[in-house]
Each structure stands twice: as C-alpha cells, then as structure tokens.
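Coordinates for the following, if possible.
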Amino acid sequence: MGIEGCICPLDLETGGSMRCFVTGASGFVGANIVRELILQGHRVTALVRANSDLRGLDGLDCEFVRGDLTSPQSYRKPLRGCDWCFHVAASYHLWLPDYAPMYAANVEGTRCVLQSAIDAGCERIVYTSTVGCIGLPVAINGDYTPTDESAEVVEGQLSNHYKRSKWEAEKVALAFAEAGHPLVVVNPSTPIGAYDVKPTPTGKVIVDVLNREMPGFVETGLNWVHVRDVARGHILAAEKGRVGERYILGHLEGNLTMQEALKLLAEVTGLAAPRLKVPYAVAWLAALCDEGLSKITGKAPKAPLAGVKMAKYHMWFDPSKAVNELGMPQTPIRAAFEEAVEWFKGNGYVRRGSSRRR
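Below you'll find the model as predicted:
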C-alpha cells in the first residue's frame, strides 16, 4: 500500500478499534505500548521470540506470535489484516563477542518487518528508532542547548555498534517513507517506569541505588521521560504523525545531569545519593581493562567501554515537535521515578531491608 508523494498526516483519528501488530512486545517499551493499545480499545498481535520473558505482558488479552525479525515467514500471515504496525524490536547490546547478529536483527530485520507490513497493507507503520540517531548538543562556554530532529549525527557520535546499527536501520525506514509508504519514525530518549523486566541500563541505575550497590557514577546528561508517555507517543504518531517525519519522544523538562537525576532519585527513595563522581579517564581505563578480560573469558564486561564513551556526551534533546504536533503527554519526571521505584520494589528487584530509608 503506497501513498505517493504524501508528506502530510493521514486522518486516522477515527475513534474505532484498530488491529495492531507490535514487534518487540516483551521489551520495556514494547510491553508498555501493548498495554496502552489495549487500554484504548485496540486489538493487539504481539511478536515475541521463542525464549522471550513475557512477565511484562502478564494478564493482557492479546495474541502472541513466536517469530524472528529476519524470518518474515514467521509473521507474514499474522500481519495480514492489521491496520497499524509498530516495529519496536531491536537487539540492544553495548558489548558482544560478535556484532554481526545485532546488525542482522536491527538492519535486515527492520527491512523484513517494514516490507512485510507494507505487503500486508498496513495503513500506518511506526518505526522505533532512538535519539542515538539525532545529533548531540555541543558545549558552548559550558552550556548545552538541547537538539531537535534537524540535528544531524556526526561520525564520532556513532560511538558503538548499537548506535551504528540503529542509524543504518533508520535510513532503511526513511527510504520506505520516501518511496511513498505510510511510515513515521519515533526516537525515544531515556524512558523509565513500570514493566522494566530486564531491566534496562537506566532501570538498573534505579535498582542499584535501591540495593545500595552504586558507590559512584560517571557524569553525563540524559533526557528522562515516563515510559507510558513514550508508549502513548507511539500511538499518537500512528494517529497524527506526518509520513516520513521523525519525532523525539522525550520530556521538555527531562534534561538532567546524572548527578541531578541521582539527587531526584534520592528524594524519591529517601536513600543517600551516590557522591563519588568518577573521572571519565578513570572509567575509560577501567572499562578498557574489563573488556580485555572479556575477550579472554567470553563473558560480558560489567562496564562496557561503549557505555563509558556514551557518557562523555550530554544527550539532551528538545521534544517540542512531538509535544506540539502529536500532543505527547509530559508526565512529571519525579512521577516517572516514583512509579519505577514502586514497580521494582513490588516485583522482587530489591533485597529485603536494602531500600529502607535512613
């Protein structure tokens, strides 16, 4: 199904129930999208891997399809008749002994899913990219101005294989849009909240603070946002997004340094915030040694060098476009931290007694 030359929004706000296909449904963002879709009365078919942890989808009334991104035959049939396709799935690793499978999943898997959605006649396709594909702010006299969707990535900012694979995948998605297909790209920033089963690296920061296992930190800057707002942003992109456009799904007041975020987390939990600010050079050297050991043992490093390299930048973004054009909600960041803390506490991630207030 094509829309030749269309760069305007489709009128999809019908108020009716849509049949939705969601890849990566068992992941943090994916599970929250499925929950929001069902809450809004839509029907969901969830694509998950054979070994996926489905705890984030417990109790939900949706159809499950077991499949692999690079094997379209596993999901072509379930895609038929779907109105919307949300391609959320991605391989996210900051260290692997072999990165070829990650490129296969993120780049070729994206090509397979999007082509299958087009062949199935989906009215709208939403591709989940990352703010890692947006150009980062540069400090001017020590101040950082958050960037928007117009900021182009420079080569040095693609500092790890995950970012590069997602950048290549986004180019694939945008090429489909340029060819006239009804596709919108969303770029989530740093979501936090409930159903972070794995947990994500930022979720682990919260868990480590609750378990008092985070003595120090490397200073950086992130744009924090409630995962529920990100989920709703995906649905709004399906309803209102302009074909071929990118939308940063973040928070207007979510640009915080790590020290500021940890201070807010301390206020929410009543626990002392980590005070030791680890110099970048020290963290870089420790990560380099850790990865050297991983090459011998084959076990993932506790502190991947890619993560340290990302911390060198202030990843601050301006989501005004999504807020103004889509009406993306802006739940206070404090509430996002509070809900994340309560979910981790209530689901066995915190050792007994470790999170008691001092």
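
Check what pLDDT residue 20 gets.
In this model, residue 20 is scored at 98, pLDDT.

Look up how far residue 197 lies from it.
Computed as C-beta to C-beta, to the nearest Å, the residue 20 to residue 197 distance reads 21 Å. Just so you know, the C-beta spots here come from the backbone N, C-alpha and C atoms, and that holds for glycine as well.

ok, those two, which is more surrounded?
Between residue 20 and residue 197, counting by other C-beta atoms under 10 Å, residue 20 is the more crowded of the two (26 against 21).

just checking, the more buried one touches residue 37?
Yes: proximity of residue 20 to residue 37 meets the contact threshold set by C-beta atoms under 8 Å, at 5.3 Å.

Need the residues touching each of those two.
Counting by C-beta atoms under 8 Å, 6 or more residues apart in numbering, the shared contacts of residue 20 and residue 37 are residue 44.

how about the helices in the stretch 1-150 of the chain?
Using DSSP state H, counting those that start in this stretch, the helices found in the stretch 1-150 of the chain span residues 28-39, 76-79, 100-103, 109-119.

what does the stretch 251-358 of the chain give?
Applying DSSP H, counting those that start in this stretch to the stretch 251-358 of the chain gives helices spanning 258-269, 280-297, 305-311, 320-321, 333-346.

ok, residue 177 - contacts?
Residue 177 touches 183, 184, 185, 243, 244, counting by C-beta under 8 Å, 6+ apart.

Could you count how many residues lie near the third one?
Which is residue 185. The local packing of residue 185 (other C-beta under 10 Å) involves 22 other residues.

again with the fourth one
For residue 243, the number of neighbouring residues by other C-beta under 10 Å comes to 21.

Surely it touches residue 179?
No: with contact defined as C-beta under 8 Å, residue 243 does not reach residue 179; the gap is 10.8 Å.

Let's verify residue 186: helix, strand, or coil?
Taken by DSSP: H, G, I helix; E, B strand; the rest coil, the conformation at residue 186 corresponds to strand.

What is the burial count for it?
27.

how far away is it from residue 108?
As judged by C-beta to C-beta, residue 186 and residue 108 stand 21 Å apart.

where in the chain is pLDDT low?
For the chain, the stretches with pLDDT under 70 are 1-15, 353-358.

mind listing the strands in it by residue range?
Ranges of strands in the chain, per DSSP state E, are 19-23, 43-48, 63-66, 84-87, 124-128, 183-188, 190-192, 216-217, 221-226, 246-249, 255-257, 276-277.

Okay, angle between the first one and helix 28-39 too, please.
This points to strand 19-23. 170 degrees (axes from the mean of the first three to the mean of the last three C-alpha atoms, to 10 degrees).

for strand 19-23, the distance to its chain's centre please.
17 Å (C-alpha atoms, centre = their mean, to the nearest Å).

List the strands paired with it, with their directions.
For strand 19-23, the paired strands and their directions (DSSP bridges) are strand 43-48 (parallel), strand 84-87 (parallel).

and that strand with strand 124-128, angle?
20 degrees.

Give the buried residues for strand 19-23.
Neighbour counts over strand 19-23 (16 or more other C-beta atoms under 10 Å) mark 19, 20, 21, 22, 23 as buried.

Any chance of these in a markdown table with distance to residue 202 as columns?
Below are the buried residues of strand 19-23 laid out as a markdown table (distance: C-beta to C-beta, whole Å):
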| residue | distance to residue 202 |
| --- | --- |
| 19 | 32 |
| 20 | 26 |
| 21 | 27 |
| 22 | 22 |
| 23 | 22 |
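
what's near enough to touch residue 20?
37, 42, 43, 44, 45, 82, 83, 84, 85, 86.

what do you get for residue 333?
Contacts of residue 333 by C-beta under 8 Å, 6+ apart are 224, 225, 226, 251, 253, 254, 256, 264.

For stretch 73-80, list every residue counted as buried.
In stretch 73-80, counting by 16+ other C-beta under 10 Å, buried: 74, 75, 76, 78, 79.
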